[in-house]
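Trainee: fold the following and give me the result.
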Amino acid sequence: MSRSVEYPVLIIGGGMVGLYTAALLAEAGIACCVVERKAYPTLDLSELILESRVCALNWATLSRLKRLGAWEHIQAHAGMFRRLCVWHYKKKKPLLFDCADIAYPALGANVPNRVTVEALRRVCEASPLVTILTDYEPTRLIDNSDHVVCVFSNGESVSAELLVGADGLHSWVREQAGIATSIKPYSMNALVSLVQTQRPHQETGWQVFHREGPLALLPLAQAHTCAVVWSQSPEEAKRRCELSEQERQQELQEAFGDRLGPITGSKQAVAIPLSYHHVNQYVSKRVVLVGDSAHRIHPLAGQGVNLGCRDAECLVSELTGLHRRRAPLSSSTPLQRYARTRRVDNQLMLRSMDALLAYYAWQRKAPMASSLLHKATTLMPPIHALCMRYAMGIWGATLLERESHAI
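Mentor: Got it, this is the predicted structure:
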């Protein structure tokens, strides 16, 4: 039997950014419905979860997760990183970013994707203002005079003042809204794996740049366990995925070096295609896009989820103002303001990552010039600190805000 229900906000996509948006809306007193195509897997958070598919959550995102009540579910599974050590494979001296240099307890944390989703799901399910529907397949959008209606394959439908597309890279919402996107393949895959190291990771992210792309070892909750994200050609990624565990860890050891001693494990290697994409518009009538539905970035600096969370924060800030004035949540001016704000911020990060990739590729062509730039970043504290604060999402934070957001 078909039925139809109505909410102020409908969110298609119940991943990290979709659930984060819902939690922020509930905090603001705005009811919403989250629709996820598949049922959530059962996850026991009482046992330590170590996985290669992780999200790097920066300090600003961690602080808001604590405020929302999600951090208590995440903390035991979080690999805090307090330093980032970056070097070029031809140079021994690294560039070091340390949270102590700007008086912060950490740069952020690496958390298994499933843990972050589960923590946010629990926060949302605890709120009477959030309804979560799973195993719902959207099939059609109907734009009425004052509502948008989403029809599902089971015959049910949900209408809302505003539809939020948080359904990822291959967004159904984006396609239905007719929003075009600019796509640029990186001609790279990320080979993702989990390894053990002889020496502890020291709560440090380790990243070495090679000709084929960056290789990162990311600290997890166990002192000798790291997630590997290795950017390389699709052909090399496929070849390495097919190697034996011993052969793959030998190649990984040669590429990374001996900073953490012998590397073992390298199990369950998966190759993920990498691409840049950015939509031409974030808003269309009563539809707005957040997260990977709107943009995708190279995992070089681990900023993908953080940018999506900033989308959600900016959008909910605009919707909160409308809600307090009892104005329609699809009002054009606030949504266009959201679109302009997020386009500028996301474009800056997207271009910064492209520039960083180009810089390390340039090193082999102009080693003297690139060496001077490297020294400038290292020796000029204001530049060094600005890079960290920008990546952490706290470039405008005051000392009082730092203390109030302590993890």
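Trainee: can you tell me the element residue 346 falls in?
Mentor: Using DSSP states H and E, the element containing residue 346 is helix 332-362.
Trainee: for that helix, name the packing helices and strands.
Mentor: The contact analysis (3 or more CB pairs under 8 Å, 6 or more residues apart in numbering; DSSP states H and E) places helix 332-362 against strand 263-279, strand 283-284, strand 287-289, helix 304-324, helix 367-379. Where you see a C-beta, it was placed from the backbone N, CA and C, and this is true even at glycine.
Trainee: so which of these is the most surrounded?
Mentor: strand 287-289 (a mean of 28; mean count of other CB atoms under 10 Å).
Trainee: which neighbouring elements make contact with it?
Mentor: The contact analysis (3+ CB pairs under 8 Å, 6+ apart) places strand 287-289 against strand 157-165, helix 172-177, helix 332-362.
Trainee: residue 270 contacts residue 189, correct?
Mentor: No: in this structure residue 270 lies outside contact range of residue 189 using CB atoms under 8 Å: 9.4 Å.
Trainee: burial-wise, tell me which of the helices and strands packed on strand 287-289 comes out on top.
Mentor: Taking mean count of other CB under 10 Å, strand 157-165 is the most buried of these, at a mean of 24.
Trainee: same question for that one, mean pLDDT?
Mentor: Across strand 157-165, pLDDT averages out at 96.
Trainee: parallel or antiparallel, which strands does that strand pair with?
Mentor: strand 4-12 (parallel), strand 148-152 (antiparallel), strand 287-289 (parallel) (DSSP bridges).
Trainee: make TSV out of those and add distance to residue 29 and mean pLDDT.
Mentor: Shown next, in TSV, are the strands paired with strand 157-165 (distance: least, CB to CB, whole Å; pLDDT from 0 to 100):
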stretch	distance to residue 29	mean pLDDT
strand 4-12	10	93
strand 148-152	21	96
strand 287-289	19	98
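Trainee: most packed of the ones you listed?
Mentor: The highest mean neighbour count among the strands paired with strand 157-165, using mean count of other CB under 10 Å, belongs to strand 287-289: a mean of 28.
Trainee: tell me the helix or strand right after that strand.
Mentor: Immediately after strand 287-289, counting by DSSP H and E, sits strand 295-296.
Trainee: and the contacts of that next one?
Mentor: 169, 275, 276, 277, 278, 279, 304, 307, 346, 350 (CB atoms under 8 Å, 6 or more residues apart in numbering).
Trainee: quick one, what contacts the second one?
Mentor: So the one you mean is residue 275. 183, 184, 185, 186, 296.
Trainee: select only the buried ones of those in PyMOL?
Mentor: Buried subset of the contacts of residue 275, written as a PyMOL selection, criterion 16 or more other CB atoms under 10 Å:
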select buried, resi 186+296
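Trainee: okay, and which of the contacts of residue 275 map to strands?
Mentor: 183, 184, 185, 186, 296 (DSSP state E).
Trainee: next up, the contacts around the fourth one.
Mentor: The one in question is residue 186. Contacts for residue 186 (CB under 8 Å, 6+ apart) come out as 231, 274, 275, 276, 298.
Trainee: please redo it, this time with the cut-off set to 7 Å
Mentor: Contact analysis of residue 186 by CB atoms under 7 Å, 6 or more residues apart in numbering lists 274, 275, 276, 298.
Trainee: and residue 228, how close does it get to residue 90?
Mentor: 21 Å (CB to CB, to the nearest Å).
Trainee: show the pLDDT at residue 322.
Mentor: In this model, residue 322 carries a pLDDT of 96.
Trainee: that one and residue 332 touch, don't they?
Mentor: No: counting by CB atoms under 7 Å, residue 322 sits too far from residue 332 to count as a contact (11.0 Å).
Trainee: next one, pLDDT for residue 110 please.
Mentor: 96.
Trainee: go on, the one 10 residues further on?
Mentor: Looking at residue 120, its pLDDT reads 98.
Trainee: check residue 371 too.
Mentor: pLDDT recorded at residue 371 is 50.
Trainee: now for the nearest residue to residue 37 once chain neighbours are set aside: which residues touch it?
Mentor: In space, and not counting its chain neighbours, residue 37 is closest to residue 137: 5.8 Å by CB to CB, 6 or more residues apart in numbering. Going by CB under 7 Å, 6+ apart, residue 137 touches 37, 152, 153.
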